[in-house]
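Participant: quick check, what structure comes out for this input:
(chains A, B and C)
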Amino acid sequence: MTRLAHGGLINRARTLSFRFDGKSYTGHPGDTLASALLANGVRLMGRSFKYHRPRGVFTAGSEEPNALVELRAGARREPNTRATTIELFEGLEAQSQNRWPSLDHDLLSVNRYLSPFLGAGFYYKTFMWPAAFWEKLYEPAIRRAAGLGAAAALPDPDTYEKAFAFCDVLVIGSGPAGLAAALAAGRAGARVILAEEDFRLGGRLLTEQAAIDGAPARDFVSRAEAELASLAHVRIMPRTTVFGVYDGGEYAAVERVSDHLAVPAPFQPRQRLWRIIAKRAVLAAGAFDRPIVFPGNDRPGVMTAQALATYACRYGVGAGATAAVFTNNDAGVAAALATAGAGVKLEALIDVRPALPAPLAAKAKALGVRVITSGEVIATSGKLLTGLTVRSPAGTETLAVEALGISGGATPNLNLTCHLGGKPVYREDLAAFVPATLPPGLAVAGAVAGQFSLADCLAYGTAEGVRAAADAGFTAPTLPAPQAEETATGIQPFWQVKAKGDLAFVDLQNDVSAKDVGIAHKEGFRAVELLKRYTTLGMATDQGKTSNMAGLALMAELTGQGIAATGTTLFRPPYTPVALGVLAGHHRDKDFRPTRPTPTHDWAQRQGAVFVETGFWLRAAYFPKPGEKDWLESVNREVNATRSACGVIDVSTFGKIDLQGPDVGIFLDRVYINMFSTLAVGKARYGVMLREDGLVMDDGTTARLGEQHYVMTTTTANAGKMFQHLEFCLQVLWPDLDVQIASVSEQWAQIAVSGPRSRAVLAQVVDGADVSNAALPFMGVLQTTVMGGVEARVFRLSFSGELGYEIAVPARHGAALMEALMAAGAPFGITPYGTEALGVLRIEKGHVSGSELNGQTSARDLGLGRMASTKKDYIGRVLSQRPAFLDPDRPMFVGFKPVDRSARLKAGAHLLPPGAEATTAHDEGYMTSVAYSPTLGHSIGLGFLKRGAARIGEQVRAFDPVRGGDILVEVCSPAFVDPEGEKQRV
Amino acid sequence: MRIPCPYCGARDAHEFAYLGDATVSRPDPAAPDAEDAFFTYAYLRDNPDGEHREYWYHANGCRQWLVVTRNTRTHEILGASLARASEVTA
Amino acid sequence: MSARYSFLSLITNALNGQSGWTPAWRDAAPKPAYDVIIVGGGGHGLATAYYLAKEHGIHNVAVLEKGHIGSGNSGRNTTIIRSNYLLPGNEPFYEWSMKLWEGLEQDLNYNAMVSQRGIINLIHSDAQRDAYARRGNAMRLAGADAELLDAPQVRQLCPFLNFDNARFPIKGGLMQKRAGTARHDAVVWGYARGADRLGVDIIQNCEVTGFLRQGDAVVGVETTRGVIRAGKVGLAVAGSSSRVTRSLGLRLPIESHALQAFVSEGLKPLIPGVITFGMGHFYVSQSDKGGLVFGGDIDGYNSYAQRGNMPVVEDVLEGGMALMPMIGRLRLLRAWGGLVDMSMDGSPIIDVGPLPGLYLNAAWNYGGFKATPASGWCFAHTIAQDSAHALNAAFRLDRFRSGHVIDEKGVGAQPNLH
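Facilitator: Residues are numbered from 1 along each chain as shown, chains lettered A, B, ... in the order given. Sure, this is the predicted structure:
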């Protein structure tokens, strides 16, 4: 056990049991999995990506590269979870990953013997001989060896939420600068959100030894938290990571609502996605301690000096029975002293500098810490760290230690400042990149800004909090900044120990060594982005938070161009990895997108309808009857009933647009290719609209209800798009036209009754109106009432080619109208039909639909060219005159019958001249829609064929290799049934 | 990104539909060079890297077409007005 | 010159501590003049230079890159290669690209990790099945492979998809087995090294700031590293096309847009091949390193920012979770954005002109990576022969004027909808 006798922000009164790799351990509330494992003497926590070298915990935060585990089990398994951020809970279960058969004995650790071969760029130079071996042998082996943890491959059982939040000042991070900023802004009266990724506020203050306002730093944290909690307009959000900065003052954050529990509480999400809109933000994300590159710097037991101190001070854990610290800076020294002060046996403090600042030297002496100045660690030993070799002017010596804290200096945690394109600049005096251009509205304070001392963090945090609140309009006076003693921040830049021996790692997780940086340099991959991509430096799950600096410093040394000129790679969101589920929120399974039932949905369900998704709509596809052997039998019955008696279908899904005003006629003339201003009141007309590029956009019927009142129908698929288009025309193109439009798709239910008996059925539901052929002729419109006073519009239209009507009533009466029609039609053999029969009926008539209006066809292609008025301009007219549109070789709309009438046509088949080779060069068109026609007793099809209209009677080959089809078809007119259109006029 | 709708205030961009360049205007269809002018109108764009006047439609809001001035390099929004009211000029 | 990679060179360097490697390509300084200058050191530009030298014997070529090679979309895409296009103007070109991919590594002596693990476009309705059948048949006519799968076949290949509780049930898929992925950076490096070995100068940190004119003709470029004359100047600058051609007084049928892409943390093998969702904007594959690489729709507004916003991030992941509810606890590691040159019909331009001495390769929309080999091959032909090859004959700039557009989606002259 290496739990220290005293200290730490853990509740020693309570014990939590947990399992790692099947073994049981205990820890305390306040522990992370990493601290609890260390407390149990477990130092081996993972294996590296490439060489499978044993690795221990390296940090105490979200920047962890090594200690990645599979957390939880079954469908809740979370691979690649950082042990350093897992809040310990009772019953926690975790497994090590990327090892086989066990963490202790990993067979792939033989890869380290291959390391002379496996240098940077190795993959690109080999695995090419023989060529066929790549996909069969090499690549599968590489894929199996690569990857880290294994996914559960089961649906995620938890739920997620999304929410927006708005505030005046968002403070990111709750260390000294963040707390000071939040206090200042909150006291000024601003609505503040304080987001902290940890489960406890305080950041570095939880380890800090210096005093604030004369009291221990932790007391300041408690007081600040209590005050912030007492302010109603301040919201503290622990366990919340702000992971991205977006345009317009938007910050994306994930709140881990339940990750510290075994399973979420009932009705609680696992996590919540926040999009925070902040007038101002203060980033106080602190800095990371970065490593120094030296041979064997990856052994379990080697960690950042700050981590060593954090385990000792915050968690009351000694990372080893004995420890040492190797540093080049004052913060590293302070970390060493804090570690020793917490009760860890510190064998030595090794500093590359010739001397420590006097106050630190005095403290070291007081604590009895041996200081080796001008010293370097040149080697380590043990599978788990057992010793160090230290080189100094006094000579070379070995030290027996189980833990080594290394500190190469502070790297400001400025990831978020770069999300909108900001590039950090290098400050030689700090040996660090600091933010330069910032996202609008975002300020930085504290270590992230290179203000490393505690006093500076508090002062700048307060100042930025005051400023942010003032910028957001809150200028109430605030209290002076908390005061702290000055902490030393000196540093002597030092990146790499020059010594031969074991591999010296730059990127621990991806196993990128100093040698790999050298190879990249030799081969010309010198720009930082090329260095990254060629060696994979910084591409692991930690995105190189602790490793990138050393990597680019080594490259800068090789090129001689300096660190500032070398620059950094791009920082991108997310700041730390974010669960994919939380980004989706509740949009999954049946709730992925809304479901739109039609007004008669429940009625159709009672009739046993089979439904089909049509965009967001659910429509009845067909209504099977007992005894029918397949869908085709049902559909044939529905078609036959409609052609011989009467069929009924809900067509409410069509888009409906109400247009009113003195200029509606002129307006419609400009958007349709045909005339509408001349349409008589009480009449409807079929119309076609083009896009400005001359291709067909949509079709439908528009009726004139009054002198200044029209109602338009659009296709189901284009309802929204058409409304948007008409609004554009009215607001942008012709604002002078006096027209008002409204979408009434949801307001009106519409039911089509078709077939020779439909007039008789209609007569039963109207309240006495005359629906005779004379009173309501083909394309006539009747405004009346039905079912005893329900407002209704009756349009005499036909999609089926039969006598037919579409009856519109306010949507709430739709289901009742359907019931009324069914009751009234029973004596006439009324039959409900679905979208399948609807398709058959329209293909038999050769009407175009979505498959033909595919955005690639012109009115002329569709055989509708003659509808275009030559007396007016309309959208798309000019560009539909271009040469390509007039090309006689263009595929034209025609019908097809199989030469062998028993053969089935297939939509999607391509059309070739008989006998021609099946190549693109001979492709003459394609089949768009097919159906079995019960009326004709064989399969029929519609499609586009080169010079089609001139080829009626010819035979062409319908080539459908993806379904094994290759048959001869006869080209015919698309109107298979009643080509003269007589039945609809009776 | 947030679009400052003159009616609805600043709203998330996902409420809006985007059309594109608002500096082009529909040519006179009766002009002798109409086909050329329409080709230019429908297909050619300045596509600036900087300030861009562009059409957005508040589809899930007030249904107004807006002309938004936005920097395509920084996404900074410099203004928005109702397309109906604005003089649409290059 | 970079040495040829072989077993021998690998073993030698393993034994000598990897000290024998030399630069993969020379860091060339600009000469006063070249036969051909290619502006843009992405995959397309480098491939063009490579094929100019290899296929047409034109070795006095420079590739000018304003940053470092591969720093644009070549290094930001989702690495998918496929030839599953619908229209006759497109499909033969993309199938030729696929054939070049299949021989690329032996040709370049560079392992670009071309991995033909297949692509499945999922089908969710009868109409979609017909549309994909039309596409599959078009592919077969062009000599590509295509298979129409039914739902049980898809389930056998991808049992982890949401088959039982989906808003839009999976009813099948269109599969191209020869499709897959390639390591994007390696493609850039492989072409750069290949071109360099054939004498091409690759000049980095050399931004073109203007053009040298002689009357109408373009006879060279002005750069941040001085004036360079050229017999011919080819542009392959993707999302920067409008910006680069502005000084020539040209307006193009192109808008620059932001396209985001995403990668998860590394995972043990989880999914085969490439999968595209037919009812949401989501597609995914898994890299050799183990990350799920995925993407969706473009952000949809003109942008040169090379980054996007949250609505698209959420839209993509909503599609992802709807399709594969197993990914909820996996994590997004990195999101990034590219600057894509969306054209008015969603298809590319490889053409002579529009000015004498100038050649244009642009408008790759969100799909330029897969086209890299054929784009370079055809552009090289077009430059060398002063006329398009049959494979890129449809990619003319004047097609917008004549109406011979190549609009796969059928959405018309609105770039953000393609």
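
Participant: list the contacts of residue A:610.
Facilitator: By C-beta atoms under 8 Å, 6 or more residues apart in numbering or on different chains, the contact list for residue A:610 reads A:620-624, A:631, A:834. Yep, even glycine has a C-beta here, placed from its N, CA and C like the rest.

Participant: burial measure for the closest residue to residue A:865 other than its chain neighbours, as a count.
Facilitator: Excluding the flanking residues, the one nearest residue A:865 by C-beta to C-beta, 6 or more residues apart in numbering or on different chains is residue A:859, at 5.1 Å. The tally of other residues near residue A:859 (other C-beta atoms under 10 Å in any protein chain shown) stands at 23.

Participant: any figure for the gap between residue A:859 and chain C?
Facilitator: 14 Å (C-beta to the nearest C-beta, to the nearest Å).

Participant: with residue A:318 instead?
Facilitator: 31 Å.

Participant: wait, isn't that residue in contact with residue A:343?
Facilitator: Yes - applying C-beta atoms under 8 Å, one finds residue A:318 in contact with residue A:343, separated by 7.2 Å.

Participant: does the residue sitting nearest the centre point of chain C sit in a helix, a strand or a coil?
Facilitator: With distances taken as C-alpha atoms, centre = their mean, the residue of chain C nearest its centroid is residue C:369 (1.5 Å). For residue C:369, the assignment made with DSSP: H, G, I helix; E, B strand; the rest coil gives helix.

Participant: quick revisit: find residues that contact each of residue A:318 and residue A:343.
Facilitator: A:4, A:312.

Participant: list the contacts for whichever residue of chain C sits closest to chain A?
Facilitator: Across chain C, the shortest distance to chain A (C-beta to the nearest C-beta) belongs to residue C:410, at 2.3 Å. Contacts for residue C:410 were tallied using C-beta under 8 Å, 6+ apart; they are A:695, A:854-856.

Participant: just the pLDDT for it.
Facilitator: The model reports residue C:410 with a pLDDT of 96.

Participant: repeat for residue B:86
Facilitator: 60.

Participant: pLDDT score assigned to the residue lying closest to the residue nearest to the centre of chain C once chain neighbours are set aside?
Facilitator: Closest residue to residue C:369 apart from its sequence neighbours, by C-beta to C-beta, 6+ apart: residue C:77 at 4.2 Å. For residue C:77, the pLDDT comes out at 96.

Participant: list the contacts of residue C:77.
Facilitator: C:184, C:261, C:338, C:368-369.

Participant: what's the helix or strand for it?
Facilitator: Per DSSP states H and E: residue C:77 is located in neither a helix nor a strand.

Participant: how close does it get to residue C:236?
Facilitator: 15 Å (C-beta to C-beta, to the nearest Å).

Participant: flag every residue of chain B that's near chain C.
Facilitator: B:1, B:12-14, B:18-21, B:39-40, B:42-49, B:52, B:54, B:70, B:72-75 (C-beta under 8 Å from any C-beta of the partner chain).

Participant: can you rerun that using 7 Å?
Facilitator: Within chain B, the residues that sit near chain C (C-beta under 7 Å from any C-beta of the partner chain) are B:1, B:13-14, B:18, B:20, B:39, B:42-47, B:49, B:52, B:54, B:72-75.
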